[in-house]
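# Predicted model, plus sequence, below.
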Number of protein chains: 4
Amino acid sequence: MIRIVVTGGTFDKQYDELKGALSFTATHLPEMLRLGRSRVEVTVDPLMMIDSLDMTPADRARIVERCREAAEPRIVITHGTDTMVETASALATTTPALANKTIVLTGAMVPYAFGSSDGLFNLGSALSFVQTLPAGVYIAMNGRHFRWDQVQKNRATGVFEAR
Amino acid sequence: MIRIVVTGGTFDKQYDELKGALSFTATHLPEMLRLGRSRVEVTVDPLMMIDSLDMTPADRARIVERCREAAEPRIVITHGTDTMVETASALATTTPALANKTIVLTGAMVPYAFGSSDGLFNLGSALSFVQTLPAGVYIAMNGRHFRWDQVQKNRATGVFEAR
Amino acid sequence: MIRIVVTGGTFDKQYDELKGALSFTATHLPEMLRLGRSRVEVTVDPLMMIDSLDMTPADRARIVERCREAAEPRIVITHGTDTMVETASALATTTPALANKTIVLTGAMVPYAFGSSDGLFNLGSALSFVQTLPAGVYIAMNGRHFRWDQVQKNRATGVFEAR
Amino acid sequence: MIRIVVTGGTFDKQYDELKGALSFTATHLPEMLRLGRSRVEVTVDPLMMIDSLDMTPADRARIVERCREAAEPRIVITHGTDTMVETASALATTTPALANKTIVLTGAMVPYAFGSSDGLFNLGSALSFVQTLPAGVYIAMNGRHFRWDQVQKNRATGVFEAR
């Protein structure tokens, strides 16, 4: 059993046609899992729906706490890409340690609800890495996985890369 | 470096608007990798473009041979779902053994070119499993992976399951 | 008020993922009208769901009869493209004449349910032509309209053109 | 021959994946006409790419001027929905009058580049109305057409309605 902690991010942004602006309503995770014909046993846990640029230390503390309390040893977190590395770091350096859990953060460069989204690819990737990687905190983007302290987002290209 | 051996299957079917029928032309793999913003180093190898129900023992022998000759230790094969298990078995039981290679077969229930396809999810999943699983032959479908001799396609539901 | 008589055709084909083949189930018209945010007052009338190559004289007689009985003076018919001209001719030459009705036949080259469909464009077009053209039988395809006896489908290009 | 004057609006908004925000780059009109398999003879004229809330009197004067100079007697204008009625009014009340031209303004509630857009439906509709309506200035939205002085956008529902 895998827990999917939803925090918002581009993954779940959609277009508010009355306001003509991007917004959050409900998470698209259940629809995405259905589209992927996923048969992985998961619990979708919509913890918050925010842009990761707006994420506060208190929000990060809630994510860490949720992972600590979770009964599942394997957790995927959907997250905005801008501060994904920061949240990964908060998870990896919390005291006492989040021992024995495999945590994989992922996100999207383009909202799932829009054409040309990488969301479904990234979800398939993160769900697969979380089943096979040893305990630790990772980021899964662009079909690759990185340890939390060996990755950065290249803001010029939008690509996650080793550092 | 990962090799992606393309054999056709539902993954790559498209709609021929002049004939009003399903057909194969070129593979959608490069477009899918672009959509997924994949930065995994891959070689796309379009070996054949056929429905897996039409696959002959000679076709399977070509797939085995291609995997044997490949310099890459990690290989994804896109394949029709109907006889995917049979090809996995051919790969796993060839003599001499395909030692030290991780081979992951995947496919799709709905063509990538159509709405509502599971193809992008499955590609993200297969590319991730192939990077982390030990040497062996596997099938990656529905977000899960199975050893070649522990899986069957349930024809009533379209789901791959343990046997 | 406009009646939309549904007869099937490529418009409404979908992919049966268990059989790996094209099939018909329910019509996509209500979903398409919703997507187009249509506020035209319409009655969707699913008369038959068949490939127009399989349409018999008896099927055509049913379509004519339905148009004759309809209370609405303006009717859109969704229809396979292969024999659309034949059905238009049956409607225009029936005795006694279908007087005082504006009837517009339309269809699609690619199923609505698949990516890259012209269906939504054609529906918007047909619904607009039917509101503004005088009584008569027309075909609306490729953004244009033709009188029933001045049009043919070019089978090499898939385009409807004047004859 | 029909001129399509592009002014931007939701129709042509897209998602800038590096900035995580909506933006304009090139118009999607040629791609949309291709998708609709349109064979209407058109000239696509990208005059400006702006949000209609940012449209100034000078911008409106440019649109009027472009319509006046156009050789084509039939013109479609793609436009943001928020001030579409205002531009229609500017076109209809200019002196000397834009005599003998049929001008149809249309737009979209959701960007064409995103899933669930009404853009293709509206384009098919506007292109059809412009071919059949007498000289005058109209708005085509929601599958319907309105004279410029008999329409308003209902901001609570996003629907254009008679006034």
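That came through, no problem.
# Spell out the residue ranges of the helices in chain A.
A:29-35, A:57-69, A:84-92, A:119-132 (DSSP state H).
# other SSEs contacting the longest one?
Read that as helix A:119-132. strand A:2-8, helix A:29-35, strand A:74-78, strand A:102-106, strand A:136-141, helix B:119-132, strand B:144-147 (3 or more CB pairs under 8 Å, 6 or more residues apart in numbering or on different chains; DSSP states H and E). Placement of C-beta: from N, CA and C, glycine included.
# tell me the contacts of the closest residue to A:Arg68 other than its chain neighbours?
Sequence neighbours aside, A:Leu98 is the residue nearest to A:Arg68 in space, at 6.0 Å (criterion: CB to CB, 6 or more residues apart in numbering or on different chains). Each residue near A:Leu98 by CB atoms under 8 Å, 6 or more residues apart in numbering or on different chains is listed here: A:64, A:67-68, A:91-92, A:137.
# Residue most distant from the centroid, chain A?
Residue farthest from the centre of chain A, counting by CA atoms, centre = their mean, is A:Leu18 at 28.2 Å.
# what sits against the closest residue in space to it that isn't next to it in sequence?
In space, A:Leu18 comes closest to D:Gly158 once its chain neighbours are excluded; the distance is 5.3 Å by CB to CB, 6+ apart. Residues counted as contacts of D:Gly158 (CB under 8 Å, 6+ apart) are A:17-18, C:37, D:81, D:109.
# State the pLDDT value of the residue farthest from the centre of chain A.
Note on A:Leu18: pLDDT of 93.
# Chain A against chain B: which residues are in contact?
A:32-33, A:35-40, A:109, A:116-118, A:120-129, A:131-133, A:140-145, A:158-161 (CB under 8 Å from any CB of the partner chain).
# Buried subset of these as a PyMOL selection?
Per 16 or more other CB atoms under 10 Å in any protein chain shown, the buried members of these correspond to this PyMOL selection:
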select buried, chain A and resi 32+33+35+36+37+38+40+109+116+117+118+120+121+122+123+124+125+126+127+128+129+131+132+133+140+141+142+143+144+145+158+159+160
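# Same list (the helices of chain A) but as TSV, adding distance to C:Val44.
TSV is the format used below for these (distance: least, CB to CB, whole Å):
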stretch	distance to C:Val44
helix A:29-35	25
helix A:57-69	46
helix A:84-92	46
helix A:119-132	31
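# right, and those helices - which one's nearest B:Thr7?
Closest to B:Thr7 of those, according to CB to CB: helix A:119-132, at 19.8 Å.
# for the closest one, what is the average pLDDT?
Taken as a whole, helix A:119-132 carries a mean pLDDT of 98.
# and that helix, how far from the chain's centre?
10 Å (CA atoms, centre = their mean, to the nearest Å).
# Same check on stretch A:69-76?
14 Å.
# Do me a favour and get the end-to-end distance for it?
Taking CA to CA, to the nearest Å as the measure, stretch A:69-76 stretches 14 Å from start to finish.
# can you pull the buried residues of that stretch?
Buried residues in stretch A:69-76 (16+ other CB under 10 Å): A:70, A:72, A:74-76.
# Specify which member of those residues is nearest to chain D.
Lowest distance from chain D to the buried residues of stretch A:69-76 (CB to the nearest CB) belongs to A:Val76, with 21.2 Å.
# which residues touch that closest one?
Counted by CB under 8 Å, 6+ apart, A:Val76 has contacts A:2-5, A:42, A:103-106, A:123, A:126-127, A:130.
# Okay, and the beta partners of the most centrally placed residue in chain A?
The geometric centre of chain A, computed from its C-alpha atoms, lies nearest to A:Thr78 (CA atoms, centre = their mean), at 2.1 Å. As for beta bridges, A:Thr78 partners with A:Val6, A:Thr106 under DSSP bridges.
# So A:Met141 sits against A:Thr81, correct?
Yes - using CB atoms under 8 Å, A:Met141 is in contact with A:Thr81, at 7.2 Å.
# and the longest strand for chain A?
If you go by DSSP state E, chain A has its longest strand at strand A:42-50.
# ok, back up a step: dump the helices and strands packed on helix A:119-132 into CSV; add distance to B:Val85 as well.
Shown next, in CSV, are the helices and strands packed on helix A:119-132 (distance: least, CB to CB, whole Å):
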stretch, distance to B:Val85
strand A:2-8, 25
helix A:29-35, 24
strand A:74-78, 26
strand A:102-106, 28
strand A:136-141, 28
helix B:119-132, 15
strand B:144-147, 9
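# And the ones you listed: which comes nearest B:Leu47?
Nearest to B:Leu47, of the helices and strands packed on helix A:119-132 and by CB to CB, is helix B:119-132 at 16.1 Å.
# just the CA coordinates of the closest one, formatted as PDB?
Taking C-alpha atoms only, helix B:119-132 is exported to PDB below (Å, rounded to 0.1, in the frame of the first residue of the first chain):
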ATOM      1  CA  GLY B 119       0.400   4.900 -22.800                       C
ATOM      2  CA  LEU B 120       2.200   7.900 -21.300                       C
ATOM      3  CA  PHE B 121       1.600   6.500 -17.700                       C
ATOM      4  CA  ASN B 122       3.000   3.100 -18.700                       C
ATOM      5  CA  LEU B 123       6.000   4.500 -20.500                       C
ATOM      6  CA  GLY B 124       6.900   6.600 -17.400                       C
ATOM      7  CA  SER B 125       6.500   3.500 -15.300                       C
ATOM      8  CA  ALA B 126       8.500   1.100 -17.500                       C
ATOM      9  CA  LEU B 127      11.400   3.600 -17.900                       C
ATOM     10  CA  SER B 128      11.500   3.900 -14.100                       C
ATOM     11  CA  PHE B 129      11.300   0.200 -13.400                       C
ATOM     12  CA  VAL B 130      14.000  -0.600 -15.900                       C
ATOM     13  CA  GLN B 131      16.400   1.700 -14.100                       C
ATOM     14  CA  THR B 132      15.900   0.100 -10.700                       C
END
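# sorry, back to before: which one of the contacts of D:Gly158 sits closest to chain B?
Nearest to chain B among the contacts of D:Gly158: C:Arg37, at 19.0 Å, using CB to the nearest CB.
# per-residue confidence for the closest one?
C:Arg37 is assigned 97 on the pLDDT scale.
# Name all residues that make contact with it.
Counted by CB under 8 Å, 6+ apart, C:Arg37 has contacts D:109, D:118, D:121, D:141-143, D:158-159.
# Leaving aside the residues adjacent along the chain, what's closest to it?
C:Arg37 sits nearest to D:Asp118 (CB to CB, 6+ apart), 4.6 Å away.
# circling back: out of the contacts of A:Val76, who's nearest chain D?
So of those, ranked by how close each gets to chain D (CB to the nearest CB), first place is A:Thr106, at 15.4 Å.
# I'd say that closest one and A:Thr81 touch.
No - with contact defined as CB under 8 Å, A:Thr106 does not reach A:Thr81; the gap is 9.1 Å.
# Looking at those two, which is more packed in?
Shown here are A:Thr106 and A:Thr81; by other CB atoms under 10 Å in any protein chain shown, A:Thr106 has more neighbours (31 against 25).
# Who are the contact partners of the more buried one?
So A:Thr106 contacts A:76-79, A:122-123, A:125-126, A:139-141 (CB under 8 Å, 6+ apart).
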